[in-house]
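Trainee: Please work out how this folds:
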Amino acid sequence: MVELHAALFQQDMKHEIGFDPGLGDFGANANFDDTRRRGGTLDARYHATDALVLGGIYTYVDARFVAGPYDNNRVPDVARQLLKLNANYRFDPNFSLFGELVYTGPRNLDLGNRAEQGGYTVANLAATWARRSWTLQARLNNVTDKQYTEFASFFGTRALYPSPERNLMLTLSRDF
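Mentor: Numbering: from 1, shown residues only. Take a look at the predicted model:
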């Protein structure tokens, strides 16, 4: 069985708060001029077997200023493309394995669109065991230990804020 879902969107924003490095001695947060985000999302799931489900979600976003001195420039730190591909295999009603690839496309770093940060892809894995009201999950994020940044800024030179290296998270939860 195949499931497909699609959505188109437009979000008009007024008084969006963002950092303007040209304000004050060290820059400051300010209300941006009006911005608009237009795009679409496509979500697909394929039930290959009763145990195996493959999925993916793709989002395209065109985020631009629609007024002021940066009219028609891209909004900083908004990637145009996002893609998640995943597979979930259920061995039995209590145990499943999950894997995903997450791609984030390039994005502009400054209001004038003079600097760009490249895209990146990370891989994650998870194993889940559930019994009655208890769920135990082990999740390994950034399996390949990729060096990347989810947030970067530009003040004449790039300022990169590193994202987590390979990390393991164990969770135990109980439903009441």
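
Trainee: Would you quantify the distance from V2 to A123?
Mentor: To A123, V2 is 24 Å away according to Cβ to Cβ, to the nearest Å. All C-beta atoms are positioned from the backbone trio N, CA, C, and that covers glycine.

Trainee: So between these two, which is more surrounded?
Mentor: A123 (15 against 9; other Cβ atoms under 10 Å).

Trainee: how about that one, phi and psi?
Mentor: For A123, the backbone dihedrals (degrees, to the nearest 10) come out as phi -120, psi 140.

Trainee: Just the pLDDT at the closest residue to it other than its chain neighbours, thanks.
Mentor: Closest residue in space to A123, ignoring its immediate chain neighbours: V143 at 4.4 Å, by Cβ to Cβ, 6 or more residues apart in numbering. We note a pLDDT of 97 for V143 in this prediction.

Trainee: tell me the SS of V143?
Mentor: coil (DSSP: H, G, I helix; E, B strand; the rest coil).

Trainee: Give the other helices and strands that the lowest-mean-pLDDT helix or strand in the chain contacts.
Mentor: The weakest-scoring helix or strand in the chain, judged by mean pLDDT, DSSP states H and E, is strand 151-154 (a mean of 73). If you count contacts as 3 or more Cβ pairs under 8 Å, 6 or more residues apart in numbering; DSSP states H and E, strand 151-154 packs onto strand 158-161.

Trainee: ok, and for the strand it packs on, which residues are buried?
Mentor: Within strand 158-161, no residue counts as buried by 16 or more other Cβ atoms under 10 Å.
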